[in-house]
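Colleague: Okay, here's the prediction I keep looking at, along with the sequence it came from:
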Amino acid sequence: MSLRPFEQLAYADVPARPRVPHPWFSLTARSVRVHTDWFGSFAMRYRVTGSGPPLLLVHGLMTTGYSWRYAVAQLASEFTVYIPDLVGCGESDKPARRYPPEAVAETLGAFVTALSLRGCAAIGNSMGGYLCMHLALQDRSVFSRLVNLHSPGLATARMVALRCALKSVPIWERALRAIVQRDPLKWVHRNVHYYDESLKSQEEHRVYGHPLSTASGFSAFARALEDTLDVRAMRRFERALRALGESPLPLQLVYARRDPMVPPSVGARLHALLPDSELVWLDEASHFAHVDATERFLDVAMPFLLREPGA
């Protein structure tokens, strides 16, 4: 079946298994308890594979570490790869708290510290890239370098509209819960967007949809929408970057030229704020380029990650 870019399959036509095989479920799965002042003590689930210097992979909103399934094998040929589920996501604990980006970013720092990974390289996708940049602002030594794969983080018309909608509907969370939990797998299908939608599978729907079917998982997702992606926090973030005037660490910005979720203009705006960063554009990809343009994404990210310090 030939699909146009971003054209979704009918839900009934999504195959049970992904058409491209991956090693995700064979990776070693572990848990570690971390602590932050905001969230207290909680468990983070992660997978680890490979050998070499450590590399942290951070997923985005409504996904889990599973999103790295196609990139992990090549990355593991050069690095020991650590892939957590963020607090509130996937198989990690879901504390009943607010989820401001500064506090969620701090949990990544606690994870890195708990596993003695300080100074590791990192790749953050979508909201994960935004959180990694927040953490780098808080602690310049936590990462040696960062690839930010098509993150949000700067206020856009869509994010302002989302904030207004949440403020104007007092029962918005109850209404959203009813929509999402009516069929979490269909919600995932409609709201995860790939340049090549034939990469979707019922397997992916289950991995991303199951947390949304639980009370704690849905609440954490709602807090991410309301708190982590709050435009007021994004404006604070932009002011901090503007005041700094340079990237807090070696930074590669990788953005798709088209995406229905995060406007590519965010990448250009981040680069203007941080002119010492490296900006790379990808054609025929989404902000999930590690899924739908894996080889082309790794062709630009791997040389950056392997670059000698100071080069």
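Modeller: Good, I have the coordinates. Residues are numbered from 1 along each chain as shown.
Colleague: quick one, strands of the protein?
Modeller: Secondary structure of the chain (DSSP state E): strands at 28-36, 40-50, 54-58, 80-84, 120-125, 143-149, 251-256, 278-282.
Colleague: show me the residues around residue 20 that make contact.
Modeller: For residue 20, the contacting residues are 70, 199, by CB atoms under 8 Å, 6 or more residues apart in numbering. From N, CA and C alone the C-beta is placed, and that goes for glycine too.
Colleague: ok, it to residue 126 distance?
Modeller: Here the distance between residue 20 and residue 126 works out to 20 Å (CB to CB, to the nearest Å).
Colleague: Could I get the CA-only coordinates of stretch 279-296 as PDB?
Modeller: Taking only C-alpha atoms (Å, rounded to 0.1, in the frame of the first residue of the first chain), the coordinates of stretch 279-296 have been written out as PDB:
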ATOM      1  CA  LEU A 279      21.600  22.800  12.900                       C
ATOM      2  CA  VAL A 280      20.800  20.000  10.600                       C
ATOM      3  CA  TRP A 281      17.700  19.600   8.500                       C
ATOM      4  CA  LEU A 282      16.200  16.300   7.400                       C
ATOM      5  CA  ASP A 283      13.900  15.700   4.500                       C
ATOM      6  CA  GLU A 284      11.300  13.000   4.300                       C
ATOM      7  CA  ALA A 285      11.200  12.600   8.100                       C
ATOM      8  CA  SER A 286       9.100  13.600  11.100                       C
ATOM      9  CA  HIS A 287      10.100  14.700  14.500                       C
ATOM     10  CA  PHE A 288      10.400  10.900  15.100                       C
ATOM     11  CA  ALA A 289      13.200  10.700  12.600                       C
ATOM     12  CA  HIS A 290      14.900   8.000  14.700                       C
ATOM     13  CA  VAL A 291      11.900   5.900  13.700                       C
ATOM     14  CA  ASP A 292      11.000   6.900  10.100                       C
ATOM     15  CA  ALA A 293      14.400   8.100   8.900                       C
ATOM     16  CA  THR A 294      16.700   6.100  11.100                       C
ATOM     17  CA  GLU A 295      19.800   5.800   8.900                       C
ATOM     18  CA  ARG A 296      19.800   9.400   7.800                       C
END
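Colleague: in that stretch, what's buried?
Modeller: Of the residues in stretch 279-296, those with enough neighbours to count as buried (16 or more other CB atoms under 10 Å) are 279-280, 282, 285-294, 296.
Colleague: Can you tell me the closest non-neighbouring residue to the most centrally placed residue in the chain?
Modeller: Here the mean C-alpha position of the chain is nearest to the C-alpha of residue 60 (CA atoms, centre = their mean), at a distance of 2.1 Å. Computed as CB to CB, 6 or more residues apart in numbering, the closest residue to residue 60 that is not its neighbour in sequence is residue 126, at 2.8 Å.
Colleague: Do I have it right that that neighbour meets residue 151?
Modeller: Yes. Look at residue 126 against residue 151 with CB atoms under 8 Å: they come within range, at 5.7 Å.
Colleague: what sits in contact with each of those two?
Modeller: Contact with both residue 126 and residue 151 is made by residues 60, 262, 287, according to CB under 8 Å, 6+ apart.
Colleague: Surely the first one and residue 123 touch.
Modeller: Spelled out, it's residue 60. No. With contact taken as CB under 8 Å, residue 60 and residue 123 are classed as non-touching, separated by 11.3 Å.
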